[in-house]
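**Q** Build the 3D model from these lines:
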Amino acid sequence: MAGRDLAAAVQRYREDASGWRSCKRTNEVSIYWRPSTEFSGNIYKGDGIVPASTEAVWECLKPEAGGLRTKWDQNVKDFELIETISDTISVCRTITPSAFMGIISPRDFVDMVLITQYDDGTRASVATNVEHALCPPQPSYVRGFNYPCGCFCIPVPGEPRKTQVLTFFQTDLGGYLPQTVVDSFFPSSMAGFYSNLIKAVKTVKA
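**A** Purely as a prediction, here's the structure:
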């Protein structure tokens with residue numbers, strides 16, 4: 001999938017309000033799901049307001065080796081740059097720790113990542129799985145697969161210290177996990193993601 005096609009796919013999820021069903025709601029985020037058209041699982045959408053500037057939120061979220069993401073996101077143990085394709089497209093490997101009380105073992109994901117900035121100040125990172133010769137499957141990790149997914153940091157008009165964070169996850173975790181485990185994991189994981197992000201942005205000066 002080319003970068004333009006990837007961006008268009010995730011933008012369609014952002015624009016299409018049909019078919020989403022609520023599955024979890026906290027003070028920080030509302031989470032929805034619907035069946036994925038990419039694979040046999042579901043796509044999940046998170047929509048929440050983070051009380052910080054778009055620049056501060058993006059500083060925490062942007063996908064970069066040595067960035068802040070590994071410090072606050074409990075689902076990201078390490079993030080590696082495999083290849084830089086252009087100033088906005090790269091191939092990256094994300095390593096995740098065991099989760100769900102050890103039921104989900106460590107995973108790794110190899111993705112093409114596209115960074116986009118829109119005229120209204122929105123910043124986005126979108127990704128999808130790719131194969132790369134420099135990063136074959138490794139025996140210590142279960143190889144997972146992200147289908148077109150992404151995160152949008154959207155300025156709230158008239159509120160410079162608030163940012164709408166809109167996320168889309170559709171991930172085949174691989175391995176032999178019961179569907180009930182997968183369906184329970186993602187909403188809880190996404191709720192934790194927003195809660196931890198809100199704590200993290202308080203340490204960023206932007």
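
**Q** where along this structure do the helices fall?
**A** Here the chain has its helices, by DSSP state H, at 3-15, 54-61, 69-72, 179-201.

**Q** In a markdown table, list those helices along with mean pLDDT, mean neighbour count and distance to F109.
**A** All C-beta spots, glycine's among them, are computed from the backbone N, C-alpha and C. Listed next are these as a markdown table, based on pLDDT from 0 to 100; neighbours: other C-beta atoms under 10 Å; distance: least, C-beta to C-beta, whole Å:
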| stretch | mean pLDDT | mean neighbour count | distance to F109 |
| --- | --- | --- | --- |
| helix 3-15 | 89 | 16 | 15 |
| helix 54-61 | 96 | 23 | 16 |
| helix 69-72 | 95 | 16 | 13 |
| helix 179-201 | 94 | 18 | 14 |
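
**Q** S90 is in contact with D111, correct?
**A** No - here D111 lies out of contact with S90, judged by C-beta atoms under 8 Å, at a distance of 9.1 Å.

**Q** Confidence-wise, which helix or strand of the chain is lowest on average?
**A** Within the chain, no helix or strand scores below helix 3-15, which has a mean of 89 by mean pLDDT, DSSP states H and E.

**Q** so what secondary structure elements neighbour that helix?
**A** Where contact means 3 or more C-beta pairs under 8 Å, 6 or more residues apart in numbering; DSSP states H and E, helix 3-15 is packed against strand 107-117, strand 123-129, strand 149-156, strand 159-169.

**Q** Please identify which of those strands is closest to S140.
**A** strand 107-117 (8.7 Å; C-beta to C-beta).

**Q** Direction included, what does that closest one pair up with?
**A** Within its sheet, strand 107-117 is paired with strand 89-96 (antiparallel), strand 123-129 (antiparallel), strand 142-143 (parallel), according to DSSP bridges.

**Q** okay, the ones you listed, which one's buried deepest?
**A** Most buried of the strands paired with strand 107-117 by mean neighbour count (mean count of other C-beta atoms under 10 Å) is strand 123-129; its value is a mean of 22.

**Q** what does it rub up against?
**A** The contact list for strand 123-129 (C-beta atoms under 8 Å, 6 or more residues apart in numbering) reads 1, 6-7, 9-10, 54, 58, 61-63, 92, 109-118, 145-153.

**Q** Narrow the residues you listed to those that are buried.
**A** Buried by 16 or more other C-beta atoms under 10 Å: 6-7, 9-10, 54, 58, 61-63, 92, 109-116, 145-153, out of these.

**Q** okay, the strands paired with strand 107-117 in JSON lines with distance to E80 and mean pLDDT next?
**A** As requested, the strands paired with strand 107-117 are exported to JSON lines (distance: least, C-beta to C-beta, whole Å; pLDDT from 0 to 100):
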{"stretch": "strand 89-96", "distance to E80": "4", "mean pLDDT": "97"}
{"stretch": "strand 123-129", "distance to E80": "14", "mean pLDDT": "97"}
{"stretch": "strand 142-143", "distance to E80": "14", "mean pLDDT": "96"}
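
**Q** Lovely, talk soon.
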